[in-house]
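Enquirer: output the structure for:
(chains A and B)
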Amino acid sequence: GNSVTQMEGPVTLSEEAFLTINCTYTATGYPSLFWYVQYPGEGLQLLLKATKADDKGSNKGFEATYRKETTSFHLEKGSVQVSDSAVYFCALTYGYRQAGTALIFGKGTTLSVSS
Amino acid sequence: KAGVTQTPRYLIKTRGQQVTLSCSPISGHRSVSWYQQTPGQGLQFLFEYFSETQRNKGNFPGRFSGRQFSNSRSEMNVSTLELGDSALYLCASSSPTGEYEQYFGPGTRLTVT
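Expert: Predicted coordinates for the structure are as follows:
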């Protein structure tokens, strides 16, 4: 079946450090890929997306590239801030209009950034 | 544009009771999906409604049900509550013209005692 695997956390970094959170997926065909972020006590916010191979999604300094050959969508940021502390979820969907757009999520990676 | 709203934000119920949660999507969005988030199982898809019809369903027992109204607002109902139903229930809406991205509400925290 379709699934998403994320590196287990927590990830603890100092401010201005480089961030990588690994995400790989198992799926047939060509899913769309997403990164969502969840701050304490809140719902999920869409961080970035990519809908086809080699697409690069980017937002707020975060980037991820859809790599079909390695079935990966790793999240990166060049310089993290304390305010980036949150839980990050990698997700996929096929988005078939007839069958619906259910998201399949990874387990989430907790990021803690200290000053 | 207002975001997805969910009511109530917090709920405490007793085993055996039933509960109804409400979700109002972003204006213009016709698809509403529901997810359950627990520490053990993570985020799991419950069901999706589009134009008042359920078009996708996750692997949950029949105690979990939902519906969507003509104004796209959605409700989910859980009957005969069990302790394991304690979770954060998240609602998400998506645009019919968007690239399948979903926008989430703040969630309803349900505690079953």
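Enquirer: drop to CA atoms for contacts and neighbour counts, all remaining ones
Expert: OK.
Enquirer: do the particular helix or strand that has residue B:46 in it and chain A meet at all?
Expert: If you go by DSSP states H and E, residue B:46 is part of strand B:42-50. Yes: using C-alpha under 8 Å from any C-alpha of the partner chain, we find that strand B:42-50 touches chain A at B:42, B:43, B:44, B:45, B:47, B:48.
Enquirer: the residue in chain B sticking out farthest from the centre and residue A:55, how far apart?
Expert: Most distant from the centre of chain B: residue B:97, at 21.6 Å, with distances by C-alpha atoms, centre = their mean. Distance of residue B:97 to residue A:55, computed by C-alpha to C-alpha, to the nearest Å: 19 Å.
Enquirer: also residue B:14?
Expert: With C-alpha to C-alpha as the criterion, residue B:14 and residue A:55 are 48 Å apart.
Enquirer: can you pull the contacts of residue A:85?
Expert: By C-alpha atoms under 8 Å, 6 or more residues apart in numbering or on different chains, residue A:85 lies in contact with A:39, A:110, A:111, A:112, A:113.
Enquirer: how about a cut-off of 10 Å?
Expert: Going by C-alpha atoms under 10 Å, 6 or more residues apart in numbering or on different chains, residue A:85 touches A:11, A:12, A:13, A:37, A:38, A:39, A:40, A:110, A:111, A:112, A:113, A:114.
Enquirer: same check, this time on residue B:102
Expert: A:34, A:36, A:44-46, A:101-103, B:29, B:31-33, B:91-95.
Enquirer: how would you label the residue farthest from the centre of chain B: helix, strand or coil?
Expert: Applying DSSP: H, G, I helix; E, B strand; the rest coil to residue B:97 yields a three-state assignment of coil.
Enquirer: so which of the contacts of residue B:102 sit within strands?
Expert: A:34, A:36, A:44, A:45, A:46, B:31, B:32, B:33, B:91, B:92, B:93, B:94 (DSSP state E).
Enquirer: which of those residues lies closest to residue B:65?
Expert: For the ones in strands among the contacts of residue B:102, the residue nearest residue B:65 by C-alpha to C-alpha is residue B:33; the value is 11.9 Å.
Enquirer: burial measure for the closest one, as a count.
Expert: A count of neighbours around residue B:33, defined by other C-alpha atoms under 10 Å in any protein chain shown, yields 30.
Enquirer: for the nearest residue to it once chain neighbours are set aside, name its beta-bridge partners.
Expert: Leaving aside its sequence neighbours, residue B:33 sits nearest to residue B:48 (C-alpha to C-alpha, 6 or more residues apart in numbering or on different chains; 4.1 Å). Listed by DSSP bridges, the beta-bridge partners for residue B:48 are residue B:33, residue B:56.
Enquirer: related to what we said a few turns ago, and of the contacts of residue A:85, the nearest to residue B:24?
Expert: residue A:38 (19.9 Å).
Enquirer: list the residues that contact that closest one.
Expert: A:44, A:45, A:46, A:47, A:85, A:86, A:87, A:88, A:89, A:108, A:110, B:106 are the contacts of residue A:38 under C-alpha under 10 Å, 6+ apart.
Enquirer: what residues does chain A have near chain B?
Expert: Residues of chain A lying near chain B by C-alpha under 10 Å from any C-alpha of the partner chain: A:32-34, A:36, A:38, A:41-46, A:48-51, A:89, A:92-108.
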